[in-house]
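Trainee: Generate a structure from the sequence data that follows.
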Amino acid sequence: MTSMIDFSSIDKGLLKEAREETHKAIQLVAIVPRHLLPHDITDSSASLLWNNGLNMLTSQDVNGLKVGFNFIDQQIKLLRDGATVKSIETIHQTSDSVFEELKNALEILGEVGERLKTDLPYELPASVEQRGRPFKKQDPGALEALMYLYKLTHEVLTITFETIIEEASEITCWPHHYDLATLVTLEAHEDPEKAKSIGFGFSPGDGSYDEPYFYLTPWPYPDVADLYDMPAPAIWNTEGWVGGVLRVADLTEGKEKEMICDYFNTGFEKLKQLL
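Mentor: Numbering: from 1, shown residues only. Modelled structure (predicted):
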């Protein structure tokens with residue numbers, strides 16, 4: 001693990017722009033498994049995985065092929081056995097032009113590129129969609145910070161669920177919200193709305209908080225009046241959804257991993273009692 005990024009030195013506007021630009025780019029990564037793997041009503045086939053060795057988000061395996069996104073050079077990579085067989089530039093290209101290059105590359109590699117479509121099973125924020133606007137080169141510090149946070153999240157979630165929980169869902173990044181998370185089901189039910197669960201994860205920023213944060217989300221949402229005192233610097237979010245929020249900006253330098261692990265561990269024990 002590299003040392004913590006100094007977020008106080010990174011312009012928030014640059015970090016937001018990098019988040020939106022990379023969020024748009026990973027839609028192209030998710031397209032490949034979404035259309036080449038068997039259809040899944042939950043869209044889980046399009047979920048991405050963090051690859052520690054490559055330091056990038058990669059797709060699910062498609063006949064031995066994976067698609068990844070490299071934060072640093074802003075390239076989409078086609079991978080076999082961990083090796084890059086094709087790199088596609090996004091900078092100065094539109095989503096549509098990158099999509100066409102991706103389709104052609106898959107045809108050359110023996111995959112069925114013509115089956116790919118650009119339609120999405122969800123709506124993206126307008127600032128992310130902008131398909132007609134070419135990708136722009138982003139601030140290197142902002143890109144490195146985002147990459148670091150996904151790497152840190154994967155490490156912390158792995159540590160947490162190896163030590164306190166035996167059964168948790170795979171740690172995945174959902175392209176819709178761009179969050180990296182896992183879900184612990186406390187009480188299963190054939191109707192998902194009646195199941196009891198706790199979500200643990202990281203968001204690079206969204207409509208609720210326009211900055212990176214770690215979250216805890218109990219389901220079903222408890223009554224706000226029953227919430228326990230959230231240990232500072234974490235807070236409760238109660239507008240739109242109920243859950244704990246620990247903003248990256250509130251982490252203490254040198255104690256980041258410890259603070260996040262404590263936040264997840266304490267939250268798990270407290271939320272189990274609450275649910």
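Trainee: Next, count neighbours for residue 171.
Mentor: 21 (other Cβ atoms under 10 Å). For glycine as for every other residue, the C-beta is placed from the backbone atoms N, C-alpha and C.
Trainee: okay, it: pLDDT?
Mentor: Per-residue pLDDT puts residue 171 at 95.
Trainee: Residue 213 bridge partners, please.
Mentor: As for beta bridges, residue 213 partners with residue 203, residue 247 under DSSP bridges.
Trainee: so it touches residue 245, yeah?
Mentor: Yes. Applying Cβ atoms under 8 Å as the test, residue 213 and residue 245 come out as touching, 5.2 Å apart.
Trainee: ok, the two, which is more surrounded?
Mentor: Between residue 213 and residue 245, counted using other Cβ under 10 Å, residue 213 has the larger neighbour count: 25 against 20.
Trainee: So which bits of stretch 86-98 are buried?
Mentor: 86, 88, 90, 95, 98 (16 or more other Cβ atoms under 10 Å).
Trainee: And stretch 95-110, by the same measure?
Mentor: Neighbour-count burial for stretch 95-110 flags 95, 98, 99, 101, 102, 103, 105, 106 (criterion: 16+ other Cβ under 10 Å).
Trainee: Can you name the residues that contact the fifth one?
Mentor: When contacts are counted by Cβ atoms under 8 Å, 6 or more residues apart in numbering, residue 102 is found next to 28, 31, 32, 67, 76, 88, 113, 116.
Trainee: Inside strands: which ones of the residues you listed?
Mentor: 67, 76, 88 (DSSP state E).
Trainee: Burial check on the first one, number of neighbours?
Mentor: In this case it means residue 67. By the criterion of other Cβ under 10 Å, residue 67 has 27 neighbours.
Trainee: List the beta-bridge partners for it.
Mentor: Under the criterion used (DSSP bridges), residue 67 bridges to residue 78.
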